[in-house]
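Trainee: predicted model follows, preceded by the sequence.
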Amino acid sequence: MKKLLDIASRIVGLRGPSPLFTKLTAFALRFWKFALTTPGRLLVGALLLSGAIGSVSISMPLYHLFFALAGATGSALVFGFIARPRGVQMDVRIPQNFTAGEEATLHFTLLNNGRLPVFDVSPAAPNAPSSILFGDIAPFALLRPGESKSVEFTVNPQRRGLFGPVRFRAFSTFPFNLFFVVGGKRHTSSFLVYPAFHPLLSINLSVGRRFQPGGIALTSNTGESPEYTGNREYRYGDPISRIDFRAWARLAAPAVREYQEEYFCRVALVLDTFVPRQPKTDPEGHRELEAAISLCAATADVLARGEYVIDLFAAGPELYVFRAGRRTAHFENVLEILACLDPCTEDPFDTVTPPLLDELATITTLICVFLDWDETRAELVRAAKESGCAVKLIVVRDSPTSMPLEEEDMAQYSTEEITSGGMEIL
């Protein structure tokens, strides 16, 4: 008897941690969250309540209700398992990327490859994160063997980031709309959600040109002060003004001059992701950091429209150094990096400052998007100015900064000013 009590105590976790009890609890939570519809939760709740009350005394007639509900539940499980959509094949078309706060459309095609018809079938993603809101979809009442039907519904991601893998499965609620019975092959996909931002009309910058030793590979052919590098044979479409007639006469074949662009306007965009440790975190994330990322995306959008080479330095758990502009990369690549940035709980400026100082000799303008203004950040700005860079400082913060902003090229914006879309010129 003592041994039986000891085993029972370990199962419920009264004597030390119980792996079996933990697994049973996790299974019950998954079953309640993913396997039950809203009527099914009401039925199971009534079943448990009637069972608990009816077990007190057999003189109470509630145990009749318990057995009736248990019979309905068992019948739904048995018939649902027999008629599950085991032969349903699903084809999913998902956009390559999403934007936080904007609705997108997913396209599904269900094909019944089985020999039996399928009832009340629809696609669903049981493990989708809570920040991705899926629209309602009406199930197909009947899907005959060999028949295919298409459906589309909306999805609205609330936060930026890379989510996945999200598993899509075909589910059936037949016969009583109490349980989600899964069947068919799964389709796995990931969601890349770009940060939301309001486009800016322009940005006030002190721009100029600096010498780039060796030029920058893959830049566009539009530039200033081209450097002569040599000759090559003429190709169809080459500008007539670049034909070298002396080389043509010497080689007895048309030849053109080649130039290399070595003077560019390089803009370094430094994003601060340092968020000190806090006892409680906002469930929507760090509002100031999200606003700073949104402003950084809007700034990169303005710069990408011009003839700038953009260097993105994002100081986080890891240092991201990325170059875009003038055909070296696309603006979407900048958004991909911004979408995956995580907050940093330790001061990263000891990490970001050395590689940035190595690039300051060729950088024209430095745009700093900070979350605060203190001595470590001021040291970075002083080093940039000493190297001859023009600096534009932006602090995204709702409360006062640690050190006062004294210079004219410094500005502080609140999260409300950035997220409301009222800013047009930075």
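Mentor: Ah, there it is. Numbers count the residues shown, from 1 in each chain.
Trainee: name the nearest residue to residue 201, ignoring sequence neighbours.
Mentor: Nearest non-adjacent residue to residue 201, counting by CB to CB, 6 or more residues apart in numbering: residue 424, 4.7 Å away. Any C-beta I mention is one placed from the backbone N, CA and C, and that applies to glycine too.
Trainee: now for the nearest residue to residue 361 once chain neighbours are set aside, how many residues are close by?
Mentor: Leaving aside its chain neighbours, residue 361 sits nearest to residue 387 (6.2 Å; criterion: CB to CB, 6+ apart). Neighbour count for residue 387, taken as other CB atoms under 10 Å: 15.
Trainee: pretty sure residue 387 contacts residue 360?
Mentor: Yes: if you go by CB atoms under 8 Å, residue 387 and residue 360 touch, sitting 3.9 Å apart.
Trainee: and the helix ranked longest in the chain, what does it pack against?
Mentor: If you go by DSSP state H, the chain has its longest helix at helix 62-82. Under the contact definition 3 or more CB pairs under 8 Å, 6 or more residues apart in numbering; DSSP states H and E, helix 62-82 sits against helix 38-54.
Trainee: where does the stretch 251-400 of the chain have low pLDDT?
Mentor: For the stretch 251-400 of the chain, residues meeting the criterion pLDDT under 70 lie at 259-265, 278-285, 307, 315-320, 323-329.
Trainee: all strands for it, in order.
Mentor: With DSSP state E, counting those that start in this stretch as the criterion, the stretch 251-400 of the chain has strands at 255-264, 266-272, 309-315, 319-324, 365-370, 390-396.
Trainee: check which element follows the longest helix of the chain along the chain.
Mentor: Sequence order places strand 88-93 as the next helix or strand after helix 62-82, per DSSP states H and E.
Trainee: show me what the helix or strand following that following strand is in contact with.
Mentor: Using DSSP H and E, the helix or strand that directly follows strand 88-93 along the chain is strand 98-99. Identification of contacts with strand 98-99 by CB atoms under 8 Å, 6 or more residues apart in numbering yields 104, 155, 157, 191-196.
Trainee: repeat that for 6 Å
Mentor: Contacts with strand 98-99, where a contact means CB atoms under 6 Å, 6 or more residues apart in numbering, come from 104, 157, 193-194, 196.
Trainee: got it, and stretch 359-378?
Mentor: Residues outside stretch 359-378 that contact it (CB under 6 Å, 6+ apart) are 205, 207-208, 210, 212, 265-272, 288, 292, 295-296, 349, 384, 387, 389-395, 401-403, 405.
Trainee: give me the buried subset of these.
Mentor: Buried by 16 or more other CB atoms under 10 Å: 205, 210, 212, 265-272, 288, 292, 295-296, 349, 384, 389-395, 401, out of the contacts of stretch 359-378.
Trainee: quick check: pLDDT value at residue 415.
Mentor: Here the pLDDT value assigned to residue 415 is 90.
Trainee: so the closest residue to it other than its chain neighbours versus residue 162, what's the distance?
Mentor: Leaving aside its sequence neighbours, residue 415 sits nearest to residue 291 (CB to CB, 6+ apart; 4.0 Å). As judged by CB to CB, to the nearest Å, residue 291 and residue 162 stand 20 Å apart.
Trainee: same question for residue 352.
Mentor: 22 Å.
Trainee: out of those two, which sits in the busier spot?
Mentor: Between residue 352 and residue 162, residue 352 has the larger neighbour count (other CB under 10 Å), namely 23 against 11.
Trainee: where do the helices sit along the stretch 101-250 of the chain?
Mentor: Using DSSP state H, counting those that start in this stretch, the helices of the stretch 101-250 of the chain run over 245-251.
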